[in-house]
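my questions concern the predicted model and sequence given below.
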Amino acid sequence: MVAATQRPAAHPSGGMGLASLTLDFAERGLLIALYLMLFQRLLPSLGREPLNTLLLISESIVVGFVVFRRTTLTVTKNPLDWLMALAGTIPPLFLRPGGHPLAPPLVGALMMTAGVLIHVWAKLALRRSFGMAAANRGVKIEGPYRVVRHPMYVGYAITWAGFVLLNPTWLNAGLCLFAAAMQVMRILAEERLLAADSAYRAYTTRTKFRILPGIF
């Protein structure tokens with residue numbers, strides 16, 4: 001996810017525009033509700049699987065940055081883009097504890113910690129320029145964005161993989177694989193919108209790859 005340096009343009013009437021404002025608050029409210037459901041599901045498992053706390057930390061950071069982000073008018077109105085954003089964000093909020101770990105706890109813990117650190121680093125580079133659906137909140141080229149254009153999604157994937165290693169159920173694996181596929185579609189939707197920004201086009205000439213250097 002990349003954000004823009006310029007501040008969001010004001011609506012001609014002096015406000016954000018009713019449609020954009022409604023989408024903005026609906027997105028925040030939905031994520032808060034789903035996070036509380038995730039917390040309720042994972043809480044009973046924390047005594048026997050304390051490493052599941054790392055998933056709660058990871059998802060709480062995602063929700064927190066959405067709630068306190070900067071607003072923008074340059075957000076996609078394409079229903080398909082919103083669907084992909086929701087499909088890439090919501091499935092991990094339905095993960096559940098269960099199964100017998102496929103790797104030593106230390107391996108899962110290191111993976112989840114690394115994933116959290118990567119996506120937190122990316123979010124700190126964006127600061128409040130963060131959202132779920134494709135939007136132009138400015139172009140940031142600092143920190144991990146010097147390496148790949150969408151480091152946040154790399155962090156998510158590593159965190160989910162660590163959780164599935166410790167909680168290997170078909171449901172968890174399916175949710176994470178589906179979310180990862182939707183994140184790829186989400187990246188492409190974001191880049192279609194951001195391609196209209198000359199600053200972003202210049203950025204893509206310097207940072208060639210989206211999430212995997214040398215591959216994608």
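Alright, I've got the coordinates. Since the structure is predicted, the reported quantities are computational estimates derived from the model, not experimental observations.

for Pro97, see how far away the nearest residue to Val139 once chain neighbours are set aside is.
Sequence neighbours aside, Ala199 is the residue nearest to Val139 in space, at 4.4 Å (criterion: C-beta to C-beta, 6 or more residues apart in numbering). All C-beta atoms are positioned from the backbone trio N, CA, C, and that covers glycine. If you measure Ala199 against Pro97 using C-beta to C-beta, to the nearest Å, the figure is 43 Å.

tell me which of the two has more neighbours.
More neighbours sit around Pro97 than around the other of Ala199 and Pro97, counting by other C-beta atoms under 10 Å; the figures are 19 against 15.

how close does Arg201 get to Ile211?
Using C-beta to C-beta, Arg201 is found at 19 Å from Ile211.

hang on, Leu165 packs against Ala103?
Yes. At 4.5 Å, Leu165 counts as touching Ala103 under the criterion of C-beta atoms under 8 Å.

of the two, who's got more company?
When Leu165 is set against Ala103 and neighbours are counted by other C-beta under 10 Å, the residue ahead is Leu165, at 20 against 15.

quick one, what contacts that one?
When the contact criterion is C-beta atoms under 8 Å, 6 or more residues apart in numbering, the partners of Leu165 are 101-103, 107-108, 111.

who wins on neighbours among those?
Using other C-beta under 10 Å as the contact criterion, the top neighbour count among the contacts of Leu165 goes to Gly108, which has 23 neighbours.
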